[in-house]
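A.B. asks: one predicted model, sequence on top.
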Amino acid sequence: MSRWQGPKRPPREKSGEKGPRAEPPGFRARLVAARAHRRVMRERRPIDEAIALETKTAPLPPADLGLVRAILTVAFRRRGTIRQALASRAATGEIAEAGPLQPLLETALAQILFMDVPDHAAVDCAVEIAKRDSNAKHYAAFANALLRRIALEKAEILMSMPDTVDVPEWLFERWSRAYGAERAAAIARIHRQEPPVDLTIFAPLSPEIAGRMLSTGSFRLETEAAIAALPGYAEGRFQVQDAAAALPARLVGAKAGMRIADLCAAPGGKTAQLAATGATVLAVERSARRAERLRENLARLKLPAEVIVGDALTLEHVAQKRIPDLRNNIQQNNKIEHGFDSIKTRRALNGGMFDAILLDAPCSATGTIRRHPEVAWTKTLADILALARQQRAMLNSAAKSLKPGGILVYATCSLEPEEGERQVEAFLADHPQFMRRPVSVESDGVPSEMLTSAGDLRVLPCHLAREGGADGFFAARLQHRA
């Protein structure tokens, strides 16, 4: 359960008092939570984006923002349970479409069922919000009665819900076909838990930081301290990066002297891993805002990489365009030690081609549902298929900029085969000049449970279960035949 402590119950109004009812403590935060919930579902926005839009003109204090985010995270993480509790106790089995009524009830039940918030605080605020809305005010008494009943029946509700209720049925069926019913159920169970925080280490960690090394090489924190307050953060000794997300960059086999492109690079975790090897890294990111965040991360870590705003679909043209810029840098700043005759220079100027390319492609992100629970309720099969087409185009584009014998690592944080295994099989069928370079326990340090029979990396959220699980990830290592 969340440890959020709600406000104390407000004093009741005295009979005969005039004027509008005073807002109960926590009213504004809960109002924003309900409105942001509605945005997430109607506009299919991420939670943080919906919150930002709702607070743009009327910012909330940090403590209230924390409450809003906590409510929404729980509301989507346990949405199946919440919706079933509502439907089974509403007379018609349905909740009326009355302004903010549905998101209001769902966010209130997130607090009542799963958060350490006094029930009366959640109920009073929800009822007051309903009363002040022209569409929902006629349902205020209904909301009050329904929420209070569920609060009384909380234990019964939580005991009766199946493990898989918080996964949309269509997604659970897909995972059952892909990984078997038992694994799909294990994924559903671990999605209910708060995700761990992992670090990728670039310099020795302070012994003051509590945690443990995982079999994948990441460091899992065992502290709730703010990341920026940990010793070594400002000095760039580590970065936050899920254990699964840290694996694809290692499959590249980056070394000093290699020229590597990191596509769709923000927020920059993989770029930093590649740059730390001494390789010359070109990080390509379509979003200017995200590219700036990437630069900031690299600056804190004190790692060099060239960051450009560009489209991964036009990598061939981007790479060619950057060659004159690199040549000027060499002439003016003597950045390459031995001038134009050095091996490193010849490689950097070799027609814009790369020794290796890492493509962490845009995807449905169903592997990150534990961190972004709204994904389960906002993504559709149409999204998955559209993204798969985009990924295929990106793979085809990246292949054109790879040197003979070069390595192409394709990765997605998706659990969907169309964005992983099937994508790679289609690529290999269309590109006979490429072959799969299998990932192995011995050479890549990847636990055997994370390897497919074909030799690809497939991390499921239920892997590393004893240590708290991981994000879902797929990666394949492909090599151009020299």
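C.D. replies: Yep, it's here. Residues are numbered from 1 along each chain as shown.

A.B. asks: please report how far Leu109 lies from Val117.
C.D. replies: Leu109 sits 11 Å away from Val117, going by CB to CB, to the nearest Å. C-beta coordinates here come from the backbone N, C-alpha and C atoms, glycine included.

A.B. asks: higher neighbour count, the two?
C.D. replies: Leu109 (28 against 24; other CB atoms under 10 Å).

A.B. asks: so which helix or strand takes in that one?
C.D. replies: Using DSSP states H and E, Leu109 sits in helix 101-114.

A.B. asks: how distant is the helix or strand following that helix from the center of its chain?
C.D. replies: Where DSSP H and E defines the elements, the next helix or strand beyond helix 101-114 is helix 119-131. The chain centroid and the centroid of helix 119-131 are separated by 31 Å under CA atoms, centre = their mean, to the nearest Å.

A.B. asks: for helix 119-131, name the packing helices and strands.
C.D. replies: Other helices and strands packing on helix 119-131, by 3 or more CB pairs under 8 Å, 6 or more residues apart in numbering; DSSP states H and E, are helix 27-43, helix 101-114, helix 140-152.

A.B. asks: with just CA atoms, put that helix into PDB.
C.D. replies: Taking Å, rounded to 0.1, in the frame of the first residue of the first chain, the C-alpha atoms of helix 119-131 are listed here in PDB:
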ATOM      1  CA  ASP A 119     -11.900   6.800   4.000                       C
ATOM      2  CA  HIS A 120     -13.900   9.900   5.000                       C
ATOM      3  CA  ALA A 121     -11.300  12.200   3.300                       C
ATOM      4  CA  ALA A 122     -11.700  10.400   0.000                       C
ATOM      5  CA  VAL A 123     -15.500  10.200   0.200                       C
ATOM      6  CA  ASP A 124     -16.000  13.800   1.400                       C
ATOM      7  CA  CYS A 125     -13.900  15.300  -1.400                       C
ATOM      8  CA  ALA A 126     -15.500  13.100  -4.100                       C
ATOM      9  CA  VAL A 127     -19.000  14.100  -3.000                       C
ATOM     10  CA  GLU A 128     -18.100  17.700  -2.800                       C
ATOM     11  CA  ILE A 129     -16.500  17.600  -6.300                       C
ATOM     12  CA  ALA A 130     -19.700  16.000  -7.600                       C
ATOM     13  CA  LYS A 131     -21.900  18.600  -6.000                       C
END
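
A.B. asks: quick check, Ala155 in a helix?
C.D. replies: Yes. Counting by DSSP: H, G, I helix; E, B strand; the rest coil, Ala155 is part of a helix.

A.B. asks: before we move on, the earlier item: and the helix holding Leu109, what does it pack onto?
C.D. replies: Right, helix 101-114 is packed against helix 27-43, helix 62-77, helix 79-89, helix 119-131, helix 140-152, helix 154-160 by 3+ CB pairs under 8 Å, 6+ apart.

A.B. asks: tell me which of those sits nearest to Thr223.
C.D. replies: helix 62-77 (18.0 Å; CB to CB).

A.B. asks: where does this protein have low pLDDT?
C.D. replies: Scanning the chain for pLDDT under 70 picks out 1-20, 91-94, 96, 98-99, 316-352.

A.B. asks: mind listing the strands for it?
C.D. replies: 198-201, 211-213, 219-221, 238-240, 259-263, 280-285, 306-309, 354-360, 402-412, 434-436, 457-459, 473-480 (DSSP state E).

A.B. asks: using TSV, lay out those strands together with mean neighbour count and distance to Val167.
C.D. replies: Output for these, formatted as TSV (neighbours: other CB atoms under 10 Å; distance: least, CB to CB, whole Å):
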stretch	mean neighbour count	distance to Val167
strand 198-201	22	24
strand 211-213	12	29
strand 219-221	19	25
strand 238-240	21	26
strand 259-263	28	31
strand 280-285	26	32
strand 306-309	17	37
strand 354-360	26	25
strand 402-412	22	19
strand 434-436	16	31
strand 457-459	26	18
strand 473-480	24	18
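
A.B. asks: I'd like the ones you listed laid out as TSV, including distance to Ile384.
C.D. replies: Listed next are these as TSV, based on distance: least, CB to CB, whole Å:
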stretch	distance to Ile384
strand 198-201	26
strand 211-213	35
strand 219-221	30
strand 238-240	27
strand 259-263	20
strand 280-285	23
strand 306-309	27
strand 354-360	17
strand 402-412	11
strand 434-436	23
strand 457-459	16
strand 473-480	13
